[in-house]
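Participant: Mind looking at a prediction? Sequence and model below.
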Amino acid sequence: MSQATVSRDTVQRGTGRRGALARRLGGREGVAGWAILAVLVLIAVLAPVLAPHGVNTIDDSRILAGPDLSHPFGYDDLGRDLLSRVLYAYRVSLGISIGSVLLAMVVGIPVGVLAGYAGGWTDMLLMRGIDLLLAFPALLLAISLIAILGPGTLVALIAIAVIYVPIMARVVRSSVLVVRGQPYVTGARARGATHLAIIRGHVLPNAIGPVLVQASVLMAFAIVIEAALSFLGLGSQPPTPELGLMLAEGNDYVTTAPWVEVFPGLAIAVTVLAFNLIGDGLRRSFDPNWIAR
Amino acid sequence: MNARLGYVVRRILLTIPVLFVTSVFVFLLIRLVPGDPVRTMLGMRATPQNVATVRAQLGLDHSLPEQYWDWLRGALHGDLGTDFVSHEQITSLLGQALPVTLELTVLAMLLALLVGVPVGVLVAARAGWVRRISSGFVIAAISIPDFWLGIMLVLLFTGALRALPPTGWVPLTQDPVQNLRFIILPVVTLAAGQSAYLLRTTSAAMLGTLGEPYVAFLRAKGLRQRSVIYLHALRNASGPIVTVTGIQFGVLLGGAIVIENLFALPGVGTLVVTAINARDYVVVQGGVLVIAFLFIGVNLVTDIVHGLLDPRVVEAGAR
């Protein structure tokens, strides 16, 4: 089936403005993903208002106490309210995932555009460099950087951004390669438009689709990587409310006080799920040939 | 045949600069630590004599290229230095840890392949609710962080069911049955997410090949469904499956670092993380080098297997 027929089908199936918006967001799953993310962002922003108790308030008579009505997630190993800590932890998780991907885009997009648009030697040199970075297992690269710089939330953000730059650059490049050959780019060049104007006006807007899909998938992974790093003691440090760190702190008590492990983990999974749903949705809306559902 | 040999040789040659840059990075790892790496490393034990000894051992008084050359020569002869904490040779520490990591990752990959590929084929051959359920499973499985899944499995199997030991280790050569009891939860933990990726890749690749004209032709010729799927379509869909298996093995090596720590398995990952927290950079260096080289080796093998399975790859490379 040719691409043209599929996209015409898709266009005809949409009804009205609401249908168009839902399609743009990636169908039912995509809408669900955006809805979950919106709620999580609200939680992160409003954490100080929503949190029923102090994030570092210790009640040493309630160490590892189970959930009750005013503390639905129970208490952690120092007697702190888990629900409040999970709510605050969304600030770190979402901050790291969005921050690291934005940072990777700021560096990766120019590199990818330059490689794809210029072609030739520039392309070859840049891509060899990128391939070298990709020849290292991602998590190992992050851990090595942390070994050098020392652990911390900001270092984790930077380390994740570093492992994302080559991935971003590759996606941007291959997307630019497709756009570069389109008639409207040749036309703009014939009109005498400058390269910068062509890149800004034609190449970037048309090449951005796959980049956004990749960005949402990478945001999902960033949450897991940050949590894993903190779990290992290499990311956020105590007493930061961070989901991976909470899992590490409660790991010795998993059989006696399972709530210290269940709720932070669920919180991670829900966030990752939201970004994955958004990614799948975007993929479907940008690529009409997407079949693997 | 010549084209194939050329492809293999070219692919091996391409690995040399990668190995070189990796070794330079690993070598620089100690030297890039801000401040005085030797003082950071020794911490409380940084007496003037100790600092001088370690500095001499690392050759930090020589120029960088000289240091690199000395380090590389040592590494090629199996000498990666001495651990300042345990006073053991780094290579002997790695020699004990590597079999654990390899056992964990290889078993996890095998389990993921055994689940992901057959189910992926089944899903591709059916439409409707089977595919919907499997896509739901895939997105759930890749959204659950593996180390949290591990914690939940511990909760279930050692807490509630009391069926398995929570953490610990017995080498495979010492007692295979006990070894299996210790490694089964880590393997399942690592394999779960991987099997989801392989399922998705397999079913997508199979859907692609099952739509090709030659499949319609084979069916028209009267070939049985089973031989169409397993003899012809699966072989042509194997390219992406092999590639993803290779890529995922890298992810698995990274994941093993976390899972080994979670289950207290004495593998390379545990070695590296413990060493980072103890600022024992020489051990970090050795562990990073081993995992990185393993990863590069797996990538090489993946590309070669992919090329030999799919002649189109060799042709594309020759052009």
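Facilitator: Looks like it arrived, so ask away.

Participant: end to end, how far does stretch B:163-183 reach?
Facilitator: 13 Å (Cα to Cα, to the nearest Å).

Participant: Now do the contacts for residue 160.
Facilitator: Looking at chain A here, since you left the chain open. A:I96, A:S100, A:A104, A:A142, A:A222, A:I225, A:E226 (Cβ atoms under 8 Å, 6 or more residues apart in numbering or on different chains). Every C-beta, even on glycine, is put in place using the N, C-alpha and C of the backbone.

Participant: let's go with 6 Å and repeat that
Facilitator: A:S100, A:A222, A:I225 (Cβ atoms under 6 Å, 6 or more residues apart in numbering or on different chains).

Participant: near chain A, which residues of chain B?
Facilitator: B:18, B:21, B:32-33, B:135, B:139, B:143-145, B:147-148, B:151, B:155, B:159, B:204, B:207, B:250, B:253-254, B:258, B:261, B:273, B:276-277, B:284, B:288, B:291-292, B:295-296 (Cβ under 6 Å from any Cβ of the partner chain).

Participant: Just the ones of those in helices?
Facilitator: Among those, the ones falling in helices (DSSP state H) are B:18, B:21, B:135, B:139, B:143, B:147-148, B:151, B:204, B:207, B:250, B:253-254, B:258, B:261, B:273, B:276-277, B:284, B:288, B:291-292, B:295-296.

Participant: now the residues you listed: which count as buried?
Facilitator: With neighbours counted by 16 or more other Cβ atoms under 10 Å in any protein chain shown, those contain buried members at B:18, B:21, B:135, B:139, B:143, B:147-148, B:151, B:204, B:207, B:250, B:253-254, B:258, B:261, B:273, B:276, B:284, B:288, B:291-292, B:295-296.

Participant: same for the helix or strand where B:G269 lies, what does it pack against?
Facilitator: Taking DSSP states H and E as the criterion, the element that holds B:G269 is helix B:268-277. Secondary-structure packing of helix B:268-277 (3 or more Cβ pairs under 6 Å, 6 or more residues apart in numbering or on different chains; DSSP states H and E): helix B:90-125, helix B:234-263, helix B:281-309.

Participant: Same list (those) but as a markdown table, adding distance to A:G27 and mean pLDDT.
Facilitator: Conversion of these to a markdown table gives the following (distance: least, Cβ to Cβ, whole Å; pLDDT from 0 to 100):
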| stretch | distance to A:G27 | mean pLDDT |
| --- | --- | --- |
| helix B:90-125 | 20 | 92 |
| helix B:234-263 | 25 | 87 |
| helix B:281-309 | 33 | 88 |
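
Participant: Save the ones you listed as CSV, and put in distance to A:Y117 too.
Facilitator: As requested, the helices and strands packed on helix B:268-277 are exported to CSV (distance: least, Cβ to Cβ, whole Å):
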stretch, distance to A:Y117
helix B:90-125, 37
helix B:234-263, 27
helix B:281-309, 28
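
Participant: Can you check which of those gets nearest to A:G79?
Facilitator: helix B:234-263 (24.7 Å; Cβ to Cβ).

Participant: Can you mark which positions in that closest one are buried?
Facilitator: Those would be B:234, B:236-263, for helix B:234-263 by 16+ other Cβ under 10 Å.

Participant: now the host helix or strand of B:F25, how far from the centre of its chain.
Facilitator: Element membership for B:F25, per DSSP H and E: helix B:2-31. Centroid separation between helix B:2-31 and its chain, computed with Cα atoms, centre = their mean, to the nearest Å, is 18 Å.

Participant: And stretch A:65-78, by the same measure?
Facilitator: The mean C-alpha position of stretch A:65-78 is separated from the chain mean by 30 Å, Cα atoms, centre = their mean.

Participant: So for it, what gets flagged as buried?
Facilitator: By neighbour count on 16+ other Cβ under 10 Å, the buried set for stretch A:65-78 is A:H71, A:F73, A:G74, A:Y75, A:D76, A:L78.

Participant: Quick one: residues in contact with the helix holding B:G269.
Facilitator: By Cβ under 6 Å, 6+ apart, helix B:268-277 touches A:147, A:232-233, B:97-98, B:101, B:256-257, B:260-261, B:283-284, B:287, B:290-291.

Participant: Skip the chain neighbours and tell me the closest residue to the residue nearest the centre of chain B.
Facilitator: Note on chain B: the residue nearest the mean C-alpha position is B:L253, at 2.8 Å, using Cα atoms, centre = their mean. Using Cβ to Cβ, 6 or more residues apart in numbering or on different chains and skipping the chain neighbours, the partner closest in space to B:L253 is A:P137 (5.1 Å).

Participant: Was I right to think the one you found contacts B:L252?
Facilitator: No. Using Cβ atoms under 6 Å, A:P137 is not in contact with B:L252, being 9.0 Å away.

Participant: Please list the residues of chain A that sit near chain B.
Facilitator: For chain A, the residues found near chain B under the criterion Cβ under 6 Å from any Cβ are A:132, A:135-137, A:139-140, A:144, A:147-148, A:224, A:228, A:231-233, A:254-255, A:258, A:261, A:265, A:268-269, A:272-273, A:276, A:291-293.

Participant: Contact partners for B:N179?
Facilitator: B:N179 touches B:V170, B:L172, counting by Cβ under 6 Å, 6+ apart.

Participant: Am I right that it is in a helix?
Facilitator: Yes. Per DSSP: H, G, I helix; E, B strand; the rest coil, B:N179 lies within a helix segment.

Participant: Just the closest residue of chain A to chain B, please.
Facilitator: Nearest to chain B in chain A, going by Cβ to the nearest Cβ, is A:L139, at a distance of 3.0 Å.

Participant: could you give the mean pLDDT of the helix or strand hosting that residue?
Facilitator: Element membership of A:L139, judged by DSSP H and E, is helix A:138-149. Per-residue pLDDT over helix A:138-149 has a mean of 89.
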